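# sequence and predicted model, in that order:
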Amino acid sequence: MRRPALSARATDSATCRAETGRSIDEWIAWMTATGASGRSALGKALLAEKVDAWWATVLQVSFEAATGIVERDGRPKGYSLCTTKTVSAPVARVWQAITTHPEFACGPVTKSRDEKALVMPWAASDWAPSSVVEILLQPKDGKTGLVVNHTRIQDRHDADLARAAWERALAELKAQLEE
């Protein structure tokens, strides 16, 4: 996947205060005081406070970093994104396109279920190191539902770039297969 040109959205404390009413440190103190544990509970609590989804994610990752929450492998969970597209082509044709397209093959496949799913570490040299990509395919009345989950992205800017790149890559794939 080519790295797209995209300006980063500011994630500093002053911008957070201007856009959400609290600084990042104030939100971290608030999240600690809620006693909520886990991303789901924190996300629901933040959304109940009318924090938009983008800031809720930034604040959850900031909270995990500030409190030292890591996964079993010792790395933070980081940012996650999900991009979807429905393609007017049968699953077999979409699977063939994905498994032979260079933009969808940036790492060795660690898990594969023919015409259903691929999982691979993302090994692009200039961004999102050590993140994981899962591509899921689902037949839908002669069409194919395509889902890309990209997880363990450690930097907000890289997460924003990855979202834009996956959206573009799926749109290009859809256009190619629906010609």
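Cool, got the structure. Residues are numbered from 1 along each chain as shown.

# could you verify that L81 is part of a strand?
Yes. Applying DSSP: H, G, I helix; E, B strand; the rest coil, one finds L81 inside a strand.

# was I right to think it contacts L161?
No. The pair L81 and L161 fails to qualify as a contact (CB atoms under 8 Å) at a distance of 10.3 Å. In short, each C-beta sits where N, CA and C put it, glycine included.

# out of the two, which sits in the more crowded spot?
L161 (21 against 18; other CB atoms under 10 Å).

# where does the protein dip in pLDDT?
Scanning the chain for pLDDT under 70 picks out 1-8, 103, 106, 123-129.

# please repeat the previous calculation with a cut-off of 80.
Along the chain, the model assigns pLDDT under 80 to residues 1-9, 73, 75, 101-107, 123-130.

# give me the domain ranges for it.
The chain breaks down by automatic domain parsing into domains covering 13-67, 79-177.

# how about these, which one is nearest D73?
domain 79-177 (9.2 Å; CB to CB).

# mind listing what the spatially most central residue of the chain touches?
Residue closest to the average C-alpha location in the chain (CA atoms, centre = their mean): L81, at 1.7 Å. Neighbouring residues of L81 by CB atoms under 8 Å, 6 or more residues apart in numbering: 149-151, 153, 159, 162-163, 166.

# could you give the bridge partners of it?
According to DSSP bridges, the residues that bridge with L81 are H150.

# for I69, give me phi and psi.
phi -80, psi 120 (degrees, to the nearest 10).

# repeat for S23
Torsion angles, degrees, to the nearest 10, at S23: phi -80, psi 170.

# burial check on S130, number of neighbours?
When neighbours are counted by other CB under 10 Å, S130 registers 14.

# other SSEs contacting the longest helix along the chain?
Scanning the chain for the helix with the most residues, using DSSP state H, yields helix 156-177. The contact analysis (3 or more CB pairs under 8 Å, 6 or more residues apart in numbering; DSSP states H and E) places helix 156-177 against strand 79-87, helix 91-100, strand 143-153.

# most tightly surrounded among the ones you listed?
Stretch with highest mean neighbour count among these: strand 143-153 (a mean of 20; mean count of other CB atoms under 10 Å).

# elements contacting that one?
Partner elements for strand 143-153 (3+ CB pairs under 8 Å, 6+ apart): strand 79-87, helix 91-100, strand 131-140, helix 156-177.

# measure the closest residue to N149 other than its chain neighbours to L118 for me?
Closest residue in space to N149, ignoring its immediate chain neighbours: E134 at 4.4 Å, by CB to CB, 6 or more residues apart in numbering. Counting by CB to CB, to the nearest Å, the gap from E134 to L118 is 7 Å.

# one step back: what residues are up against the residue nearest to N149?
Taking CB under 8 Å, 6+ apart as the test, what E134 contacts is 117-119, 148-151.
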